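Asks: Sequence and predicted structure below; questions after.
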Amino acid sequence: MEFIKYKSTRGKETGVNASEAILKGLADDGGLFMPEKFPKFDFSLEDLKGKRYQEVAYEVMKLLLSDYTKEELMDCIEKAYDEKFDTEEIAPLVKAEGAYFLELFHGDTIAFKDMALSILPHLLTTAAKKNGIKNKIVILTATSGDTGKAAMSGFCDVEGTGIIVFYPKDGVSNVQRLQMVTQKGDNTDVVAIHGNFDDAQSGVKKIFSDKEFANKLSENGIQLSSANSINIGRLVPQIAYYVYAYVKLLESGNIATGEKINVCVPTGNFGNILAAYIGKQMGLPIDKLICASNENKVLFDFFENGVYDRNRKFVLTSSPSMDILISSNLERLIYLSCGSDGEYVSKLMKDLSVGGKYEVTEAMKEFMKDFIGGFADEKKNFEGIKSLYDSTGYIIDTHTGVAFSVYEDYKNATKDMTKTVIASTASPYKFADSVLEAIFGQKQDMGDFEVIDKLHEIGAPDIPRAILEIKDAKIRHTRECDSADMQKEVEDILFNNRR
C-alpha cells in the first residue's frame, strides 16, 4: 500500500502526513490540504458485497490515511459508527421515483455531517498521540446549521479538546439553533454572529491565519484545529459512503459490476460532492456529478460560465445549509484543474478575497466537465418535495428537495437514464415546518414541535431521538457578537473562561 502525503493547495507546504494535516486543519499558507496523489482502490467492489459499513469505510480510508495503523483506524471507525446511529446500515439506500436516496441522516444530529464528524474527534485525538502533542486542541468552526451541532456532539467532553462554534444568528432553522444552544459538555461553546455563514467562515479563516494569535495560544498550551470540511479529516470519511452506496446497488442487483452511476448532491461548501469526485479518481465508477444549488446559485453560475462571483444578493432559504456564497472546498477542485499550481490558486483566492470573483481558463473548465450544475428556487424545491410525496409517500427535507428537483430537470433535459444516487443530507424532521408547507401548499399555523408531530402523522418515520432530546432541554449558550469581534470572543472563552 502506498504511503500518501499531503500538500497545500497554495503550494508552500508539502510532505505532510495525514495525521499532521488533520491536526492542523488549514495549511500555514492558508491553503487546504490535498493528497499528493490519489491512490487507486486495492480491492474489488464485488468483494465488498455483504460487508458492514465499518468494514467498507476502513478499506477506503486506509488508502488516504496511511500513517494510521490498522488498529488505530479501525478503533476510530468502530467508535464513530456505533449505536449513535439508529440503523445498523448506517447509510441506507432507498429507491423512490427512479432514483436512489442515500440517507445520510441516521446519526446523532440527523444530518449528513454526522457521517464525518462522528469520526473526526477520534482521528484527531489519535493524531495528537501519534505526533506527541501535549497542547489542548481547540476546534474552531463555522456552521451554516449542521456542522456545529455534529461537531459539538462528537467533541463533547473529549479529554484534551475544546470546541467553539460560530453560526449566523438569523440563518439557521429553529431546530438547528436549539440543537446547538442546548448542547451539553464542559468543553463546548456556541456563539451567534450578526451576519451570514460566509461572514462566520471568513472570520474563522482569519483567526487561523493570525500568527501572532497562534503564538499567544501556544504560550498558553493551546492550538487550534478545524472541524469544517476544510479539514481533510472531514473529507476522507465522506468518500466511504459513496463506495458503500455503490456496493449496495451491486448487492441488490440494480447495477452490474463496473456500471457507471451518476451522483447528485445538494451543495453548499462543496465538500460532499468533492468526496464523490475523489472516489471517482480512486476507482469508483461514477459518470456525472450533478451539483445542485438553491437560490444562492454561485456554483451553478460557475459551472455554466467559469466565473466564480460572490458579488450578489445573499438569499435566506428553506435550505439554510446551502445558503453559502463562498464554497471553500471548491479551492481543492480549482487546484486539481490547474495542474496543482499553488501559485496560481493563491492568485485566484486573492482575487476572490479582494474583488469577490475570479475566472478560470478554458482548459480548467474542460477539466471540470464531469460536473453538471443545476439549481432549484424555493417554488421548484417545494414542488419537488410535494410531487415525490404524492407519488410515493416518501418524505425528504428541503436540501434533498433541491437535489431531487435538479435531478429531475437534468433527467428531463438530457434523457440520461443512468442510475443516480441522490445524497439525502438531512432528516425531514430537521426542517419540518418547510416540509409541511411544501406538502400542503401553505405554511402551517403550528409550533415547532406540533409540526414535528404532524410530519410523523402523515408518514415520516419515527421521530428521531435528536428531536425528542431538545424538546425540553435547557438553553446553555447565549453568546453573540458582530462578525468583526469573533477573535475577541475566542479569547474571552479561552482566557477568561466565561460563558
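Replies: Received, thanks.
Asks: okay, how far is it across stretch 248-265, tip to tip?
Replies: In stretch 248-265, first residue to last residue: 18 Å (C-alpha to C-alpha, to the nearest Å).
Asks: quick one: contacts of it?
Replies: Here stretch 248-265 makes contact (C-beta atoms under 8 Å, 6 or more residues apart in numbering) with 45-46, 49-50, 93, 95, 99-100, 242, 246, 272-273, 276, 285-292, 403-404, 406-407, 410, 416, 418-423, 425. Heads up, the C-betas are built off the backbone N, CA and C, glycines and all.
Asks: how distant is stretch 49-68 from the center of its chain?
Replies: Relative to the mean C-alpha coordinate of its chain, stretch 49-68 is positioned 19 Å out (C-alpha atoms, centre = their mean, to the nearest Å).
Asks: mind listing what's buried in it?
Replies: Using 16 or more other C-beta atoms under 10 Å as the burial criterion, the residues of stretch 49-68 that qualify are 51-53, 56-68.
Asks: I'd like to know which of these are part of strands.
Replies: Counting by DSSP state E, no part of these is found in strands.
Asks: Wait, Met368 touches Arg332, no?
Replies: No. Because the distance of 11.8 Å does not satisfy C-beta atoms under 8 Å, Met368 is recorded as not touching Arg332.
Asks: The two: who's more crowded?
Replies: In this view Met368 and Arg332 are compared by other C-beta atoms under 10 Å, and Arg332 has more residues nearby, 24 against 20.
Asks: returning to what we had before: kindly give a single ChimeraX line that selects the buried subset of the contacts of stretch 248-265.
Replies: Buried subset of these, written as a ChimeraX selection, criterion 16+ other C-beta under 10 Å:
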select :45,93,99,100,242,246,272,273,276,286,288,289,290,291,292,403,404,406,407,410,419,420,421,422,423,425
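Asks: pLDDT below threshold where in the stretch 351-499 of the chain?
Replies: Within the stretch 351-499 of the chain, the stretches with pLDDT under 70 are 497-499.
Asks: switch the cut-off to 50
Replies: 499 (pLDDT under 50).
Asks: repeat for the chain
Replies: Looking along the chain with the criterion set at pLDDT under 50, you get 499.
Asks: and the end-to-end length of stretch 389-399?
Replies: Using C-alpha to C-alpha, the span of stretch 389-399 from its first residue to its last is 15 Å.
Asks: For Thr317, which residues are in contact?
Replies: Asn294, Glu295, Asn296, Asp323, Glu378, Asn381, Thr398.
Asks: Next, Leu32: phi, psi?
Replies: Leu32 adopts backbone torsions of phi -110, psi 140, taken as degrees, to the nearest 10.
Asks: Quick check: closest non-adjacent residue to it.
Replies: Excluding its sequence neighbours, the residue lying closest to Leu32 (C-beta to C-beta, 6 or more residues apart in numbering) is Thr9, at 4.9 Å.
Asks: And for the one you found, the neighbour number?
Replies: Applying other C-beta under 10 Å, we find 25 other residues in the vicinity of Thr9.
Asks: where does it sit relative to Pro35, distance-wise?
Replies: Relative to Pro35, Thr9 is positioned 11 Å away (criterion: C-beta to C-beta, to the nearest Å).
Asks: circling back: from the contacts of stretch 248-265, which land in strands?
Replies: Cross-referencing these with the strands (criterion: DSSP E) gives 93, 95, 99-100, 286-292, 420-423 as the overlap.
Asks: measure stretch 225-233 end to end?
Replies: Chord length of stretch 225-233, first to last residue, is 11 Å (C-alpha to C-alpha).
Asks: Pull the residues that contact it.
Replies: Residues lying outside stretch 225-233 but in contact with it, judged by C-beta under 8 Å, 6+ apart, are 6, 18, 21-26, 32-34, 116-117, 119-120, 123-124, 127, 137-142, 147, 151, 154-155, 163, 201, 204, 208, 234-235, 269-272, 328-329.
Asks: from those, which would you call buried?
Replies: 6, 18, 21-26, 32-34, 116-117, 119-120, 123-124, 127, 137-142, 147, 151, 154-155, 163, 201, 204, 208, 234-235, 269-272, 328-329.
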